[in-house]
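Enquirer: need coordinates for the below:
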Amino acid sequence: MAADVRDITVVIGMTGNGIVEMLRGLPVTMAVNDMQGSDMAESVRTGLRTLGGSPSGILICLSDHPLVTKHTIGAVIEQHRKTPDAVIIPAYQGKRGHPTLFPNKILTGIFSGVTLRDIIRNNSHTVRAIDVDDEGVVLDMDTEDDYRLIVQKAKGGT
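Expert: Residues are numbered from 1 along each chain as shown. Predicted coordinates:
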């Protein structure tokens, strides 16, 4: 929302009641991925089913990358405006990260049972990595140590 993104869909799992409460009152659409244990692609499919209209692109933001800045999201969206047929991936110090912006016409291929990685691989000629000065694109929370590091960085530590 801070990056002025208007149409936001939050995909939660079946046990996401706490998240629903936290998001209550915010201008977001919530969708429930009721396939317990499914992969990220199924969450993307769930989110895509809630979309109205025909957006030119879909920005996939992961909840385990909480430090991505509004400036990075803005830069990814701006690059999409310049190259609407490209898959846009932010990179920090040469390492690709998240969020990734997919052209809608490419992302709809996810309904054929492929993953996001498959879509990127199958459309590698369209991928554009953009350099950003945002470590948040590569910092994710997969472990308790990752969580501690992200909390430290969020508080201004290094």
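
Enquirer: any low-confidence regions in this protein?
Expert: 158 (pLDDT under 70).

Enquirer: center of this structure, which residue is that?
Expert: In the chain, the centroid-proximal residue (Cα atoms, centre = their mean) is residue 61; its distance is 1.6 Å.

Enquirer: would you agree that one is in contact with residue 99?
Expert: Yes. Assessed by Cβ atoms under 8 Å, residue 61 is found in contact with residue 99 at 4.2 Å. Any C-beta I mention is one placed from the backbone N, CA and C, and that applies to glycine too.

Enquirer: shared neighbours of those two, anything?
Expert: Counting by Cβ atoms under 8 Å, 6 or more residues apart in numbering, the shared contacts of residue 61 and residue 99 are 68, 73.

Enquirer: where along the protein do the strands fall?
Expert: Counting by DSSP state E, the chain has strands at residues 9-13, 29-33, 57-60, 87-92, 95-96, 100-103, 127-131.

Enquirer: let me know which of those strands is tucked in deepest.
Expert: Neighbour counts (mean count of other Cβ atoms under 10 Å) averaged over each of the strands of the chain peak at strand 100-103, with a mean of 23.

Enquirer: can I get that strand as PDB, trimmed to CA atoms?
Expert: Backbone C-alpha positions of strand 100-103 (Å, rounded to 0.1, in the frame of the first residue of the first chain) are rendered in PDB as follows:
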ATOM      1  CA  THR A 100       8.700 -10.700  -9.100                       C
ATOM      2  CA  LEU A 101       6.400  -9.000 -11.600                       C
ATOM      3  CA  PHE A 102       4.900 -11.300 -14.300                       C
ATOM      4  CA  PRO A 103       3.000 -10.100 -17.300                       C
END
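
Enquirer: turn the strands of the chain into TSV, including distance to residue 154.
Expert: Shown next, in TSV, are the strands of the chain (distance: least, Cβ to Cβ, whole Å):
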stretch	distance to residue 154
strand 9-13	20
strand 29-33	24
strand 57-60	21
strand 87-92	16
strand 95-96	20
strand 100-103	22
strand 127-131	23
